[in-house]
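J.: I would like to see how this sequence folds:
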Amino acid sequence: MTLIKTLEQSKIRAVLRYRWAVFGVLAMAYFFVYFHRVSTAVVSTDLQSTFGVSAAQLALLSSIYFYVYAIMQMPSGLLTDSLGPRKTVSFFILLAAAGALLTGIASSYQMVMAGRLLIGIGVAMVYIPTMKILAGWYRKNEFASLSGILLAVGNFGALSAAGPLAWLTGALGWQQVFIMLGAITLLLATGAWIIVRDRPIEMDLPAIEDIEAEEGNEPLPVSEAADGIPLGRALWMTFGAGRKFWPLAVWFFFTYGSIMVYQGLWAGPFFQDILGWDRSDCGTVLTFIGLGMILGCPTAGYISDKILKSRRKVLIIGAIVYTFIWAIIWITSGQISSVQAYMAINFSFGFFGGFFVVSFAQIKELFPLSMVGTSTAALNIFPFAGGAVLQHLSGLMLTARDLDSYRSLWLLMLICMTIATLAAILSQEKAAG
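T.: Next comes the predicted model:
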């Protein structure tokens with residue numbers, strides 16, 4: 001039944017106000033998802049001096065986050081639909097807090113590994129529940145913008161894990177910083193439980209699709225996206241979709257994997273080992289990757305929505321330029337040591353690396369609404385699988401930590417991105433018909 005001017009305006013205003021409190025809590029949680037993702041790169045030298053870990057052990061410590069993140073994507077979708085997104089995100093943020101506290105009190109490499117494992121499991125369960133909650137609070141023509149803002153907040157978390165974390169680590173000590181992170185994350189878990197609600201109707205407020213209907217837009221029934229196609233069939237339709245799915249999966253595997261090799265692990269040690277920079281210079285230069293992504297993600301979304309009106313074209317442009325930046329990093333390794341030059345390189349790296357944001361809209365449009373959650377969760381496995389595999393491989397390659405080893409690693413990333421660019425070209429724009 002179509003609703004025409006039947007909703008109480010006061011309740012509509014209540015929905016439109018309260019949803020920002022919901023978004024604020026979830027955005028802060030997502031901030032720390034990215035913060036934890038790249039924190040190992042900043043404290044890598046501290047871990048080595050405290051526990052005497054090797055390059056391979058350091059890479060394994062960083063990559064374990066990505067292994068569990070990738071593994072937990074499908075369970076994240078299942079728990080979100082069965083347990084509910086609010087309960088899921090609250091419980092697993094609490095688990096991440098426990099992991100941060102364990103890292104802070106760790107007396108061995110094994111305890112740090114266990115803490116990193118708990119952090120990875122916990123933060124892996126934030127994105128999918130958040131997407132479902134936002135779908136229940138925001139109009140369909142607001143959803144893409146909110147996704148872009150959320151990713152910008154996340155990348156600000158990555159930025160904060162560079163310069164500010166380096167400063168805090170130097171001032172307080174790396175383990176004290178992780179204890180503080182655990183306390184903050186615990187507060188976020190509490191806030192998510194108290195403030196967040198899955199949908200406005202849980203507060204006796206009108207559903208967002210009813211508000212859309214009254215405003216004259218086509219409603220987006222959240223229940224249709226959650227129900228409909230059985231899980232087994234949805235998985236088969238996703239992984240068996242050929243060019244609708246696999247080129248994007250391959251592109252995301254290598255693109256995000258290469259980002260995490262550089263930003264998430266080895267850029268900082270490269271600047272220290274090869275260029276001889278101190279912690280302050282390393283942290284400053286690393287922040288420019290996050291700054292680039294903070295601007296690149298919404299820019300890519302705007303170009304995709306308003307200028308080119310194409311997801312695939314933006315994806316290809318980003319892949320080509322980002323690959324070219326990897327070529328610059330490889331060619332100039334050991335030949336330039338200017339902080340300003342690497343600020344420019346890292347900003348461009350983050351800006352065009354951030355074009356990955358359009359892939360979520362692209363996959364959403366390639367599958368029916370009834371299986372968008374499954375297809376998005378399935379695609380979201382691959383960037384973190386790429387981060388895990390390529391970080392682990394990078395640790396095996398950098399046993400010597402000399403210029404030749406770094407150059408070999410940068411060349412491998414360039415080859416990976418060449419493959420990723422070809423995959424982006426093979427990707428599809430939207431489902432036929």
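
J.: which helices and strands does the helix or strand Ile331 falls within pack with?
T.: In this assignment (DSSP states H and E), Ile331 forms part of helix 311-332. Using 3 or more CB pairs under 8 Å, 6 or more residues apart in numbering; DSSP states H and E as the contact test, the elements touching helix 311-332 are helix 246-261, helix 339-353, helix 358-366, helix 403-426. All C-beta spots, glycine's among them, are computed from the backbone N, C-alpha and C.

J.: And the lengthiest helix in the chain, how far out from the chain middle?
T.: Ranked by residue count and defined by DSSP state H, the top helix of the chain is helix 9-51. Relative to its chain's centre, helix 9-51 lies at 11 Å (CA atoms, centre = their mean, to the nearest Å).

J.: which element follows it toward the C-terminus?
T.: Assignment by DSSP H and E places the next element after helix 9-51 at helix 55-71.

J.: Quick one: low-confidence residue ranges for the stretch 1-150 of the chain.
T.: Counting by pLDDT under 70, the stretch 1-150 of the chain has low-confidence residues at 1-7, 140-141, 143-144.

J.: and if you look at the stretch 201-350 of the chain?
T.: Short version for the stretch 201-350 of the chain, where the test is pLDDT under 70: 216-231, 234.

J.: Distance from the chain centre to stretch 355-364, please.
T.: The answer for stretch 355-364 is 12 Å, by CA atoms, centre = their mean.

J.: now do stretch 347-358
T.: 12 Å.

J.: again with stretch 327-339
T.: 27 Å.

J.: Can you dump the C-alpha atoms of that stretch in CSV for me?
T.: What follows is stretch 327-339, C-alpha atoms only, in CSV (Å, rounded to 0.1, in the frame of the first residue of the first chain):
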residue,chain,number,x,y,z
ALA,A,327,56.4,1.7,-11.5
ILE,A,328,57.7,5.0,-10.1
ILE,A,329,58.3,3.4,-6.7
TRP,A,330,60.2,0.5,-8.2
ILE,A,331,62.3,2.6,-10.6
THR,A,332,63.2,5.3,-8.1
SER,A,333,64.0,3.0,-5.1
GLY,A,334,67.4,4.0,-3.7
GLN,A,335,67.7,6.9,-6.2
ILE,A,336,65.7,9.5,-4.4
SER,A,337,65.6,10.2,-0.7
SER,A,338,63.7,13.5,-0.5
VAL,A,339,60.9,13.6,2.1
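
J.: So which bits of it are buried?
T.: Using 16 or more other CB atoms under 10 Å as the test for burial, stretch 327-339 gives 328-330, 333.

J.: domains in this protein, as residue ranges please.
T.: 9-216, 231-426 (the TED database).

J.: May I see the helices and strands packed on helix 311-332 organised as JSON lines, with distance to His392 added?
T.: Shown next, in JSON lines, are these (distance: least, CB to CB, whole Å):
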{"stretch": "helix 246-261", "distance to His392": "10"}
{"stretch": "helix 339-353", "distance to His392": "20"}
{"stretch": "helix 358-366", "distance to His392": "23"}
{"stretch": "helix 403-426", "distance to His392": "12"}
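
J.: so which of those comes closest to Thr45?
T.: helix 403-426 (15.8 Å; CB to CB).

J.: by contact count, what packs against that closest one?
T.: By 3+ CB pairs under 8 Å, 6+ apart, helix 403-426 packs against helix 246-261, helix 311-332, helix 372-397.

J.: need the next SSE after the shortest one, C-terminal direction.
T.: In this case it means helix 246-261. In N-to-C order, the element after helix 246-261 by DSSP H and E is helix 267-273.

J.: and whichever helix or strand comes after that following helix with helix 358-366, angle?
T.: Downstream of helix 267-273, the next assigned helix or strand under DSSP H and E is helix 279-302. Here the directions of helix 279-302 and helix 358-366 differ by 30 degrees (axes from the mean of the first three to the mean of the last three CA atoms, to 10 degrees).

J.: So which elements touch helix 279-302?
T.: By 3+ CB pairs under 8 Å, 6+ apart, helix 279-302 packs against helix 9-51, helix 140-160, helix 163-172, helix 267-273, helix 339-353, helix 358-366.

J.: what about 6 Å?
T.: Judged by 3 or more CB pairs under 6 Å, 6 or more residues apart in numbering; DSSP states H and E, the packing partners of helix 279-302 are helix 140-160, helix 163-172, helix 339-353.

J.: For the ones you listed, give me CSV that also has distance to Leu58.
T.: Shown next, in CSV, are the helices and strands packed on helix 279-302 (distance: least, CB to CB, whole Å):
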stretch, distance to Leu58
helix 140-160, 18
helix 163-172, 16
helix 339-353, 21
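
J.: Indicate which one of those helices is closest to Ala56.
T.: helix 163-172 (22.7 Å).

J.: Give me the buried positions along the closest one.
T.: Buried residues in helix 163-172, counted by 16+ other CB under 10 Å: 163, 165-169.

J.: Pick the most deeply packed of the helices and strands packed on helix 311-332.
T.: Among the helices and strands packed on helix 311-332, helix 246-261 has the highest mean neighbour count (mean count of other CB atoms under 10 Å), at a mean of 25.

J.: What lies in contact with that helix?
T.: The contact list for helix 246-261 (CB atoms under 6 Å, 6 or more residues apart in numbering) reads 353, 356, 359, 382-383, 386-387, 390-391, 394, 413, 416-417, 419-420, 423-424, 426-427.

J.: With stretch 13-32 instead?
T.: Stretch 13-32 has contacts (CB under 6 Å, 6+ apart) with 93, 126, 130, 137, 150, 153-154, 157, 185, 188, 191-192, 195-196, 200, 205.

J.: Please report the distance of Ser160 from Phe351.
T.: 18 Å (CB to CB, to the nearest Å).

J.: How about Ile320?
T.: Distance from Ile320 to Phe351, by CB to CB: 13 Å.

J.: Please work out how many residues are found near the nearest residue to Thr421 once chain neighbours are set aside.
T.: Take Thr421 and drop its neighbours on the chain: the residue closest to it by CB to CB, 6 or more residues apart in numbering is Ala319, 4.3 Å away. Residues near Ala319, counting by other CB atoms under 10 Å, number 26.

J.: ok, Ala319 - contacts?
T.: Residues near Ala319 by CB under 6 Å, 6+ apart: 420-421, 424.

J.: sorry, back to before: could the buried residues of stretch 327-339 go into TSV alongside distance to Tyr256?
T.: Below are the buried residues of stretch 327-339 laid out as TSV (distance: CB to CB, whole Å):
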residue	distance to Tyr256
Ile328	20
Ile329	17
Trp330	19
Ser333	22
